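Asker: here is a sequence with its predicted model. Questions after.
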Amino acid sequence: MTKAILVALTLGLGLASPLCAQANEVEVKMLNTAADGQRGFEPALVRIRPGDSVHFVAADKGHSVESIPGMLPNGAAPFSGRISEDLTVKFEKPGIYGYRCVPHYMMGMVGLVVVGDPVNEASARSAAQPRDAKARFDQLFASLHGDRRTQK
Ligand SMILES: [Cu+2]
């Protein structure tokens, strides 16, 4: 009898856990020298679930984080931080969010946050970009699909 109740409780919790799972927070650092030797966000591509947050850390000074128009899911709020300051963003709507460092956008300092399913991938990919930002986004979109050939 007791065992049956325990099993029922365990099953019930197991079913409920996706709904009440604790939200996570991941860190993305703004760096003068990222893994590829350039200024950049690290990691430049993160995958999270709806309700999770990203803490953008101003590890090096002189950088910022701002969402890029045309690279947000429909109805998602844009975000923007100050130069040399941390910013925490909570992501509710599934999709791809492209963001940039305002001072170094032209040099390709950009990144992607993927929240659940990348539902707006096609429109995010087709957003107009400066050349170096486009090149970096091409790498990130390629790695999103597990294609490592374009990764350095
Ligand atoms: Cu920067």
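Answerer: Here it is on my side, so go on. Computed from a predicted structure; not experimentally measured. Residues are numbered from 1 along each chain as shown.
Asker: what does the chain have sitting close to the ion?
Answerer: Contact residues, the chain versus the ion (Cβ under 5 Å from the ion): His63, Cys101, His104, Met109. Just so you know, the C-beta spots here come from the backbone N, C-alpha and C atoms, and that holds for glycine as well.
Asker: strands of this protein, start to end?
Answerer: 25-31, 40-42, 45-48, 53-57, 66-67, 87-90, 95-100, 110-115 (DSSP state E).
Asker: reformat the residues of the chain next to the ion as TSV; add pLDDT.
Answerer: Compiled in TSV, these are given as follows (pLDDT from 0 to 100):
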residue	pLDDT
His63	98
Cys101	98
His104	98
Met109	98
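Asker: returning to that earlier point: any chance of the strands of the chain in JSON lines, plus mean pLDDT and mean neighbour count?
Answerer: Output for the strands of the chain, formatted as JSON lines (pLDDT from 0 to 100; neighbours: other Cβ atoms under 10 Å):
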{"stretch": "strand 25-31", "mean pLDDT": "98", "mean neighbour count": "18"}
{"stretch": "strand 40-42", "mean pLDDT": "97", "mean neighbour count": "23"}
{"stretch": "strand 45-48", "mean pLDDT": "97", "mean neighbour count": "17"}
{"stretch": "strand 53-57", "mean pLDDT": "98", "mean neighbour count": "19"}
{"stretch": "strand 66-67", "mean pLDDT": "98", "mean neighbour count": "17"}
{"stretch": "strand 87-90", "mean pLDDT": "98", "mean neighbour count": "16"}
{"stretch": "strand 95-100", "mean pLDDT": "98", "mean neighbour count": "25"}
{"stretch": "strand 110-115", "mean pLDDT": "98", "mean neighbour count": "24"}
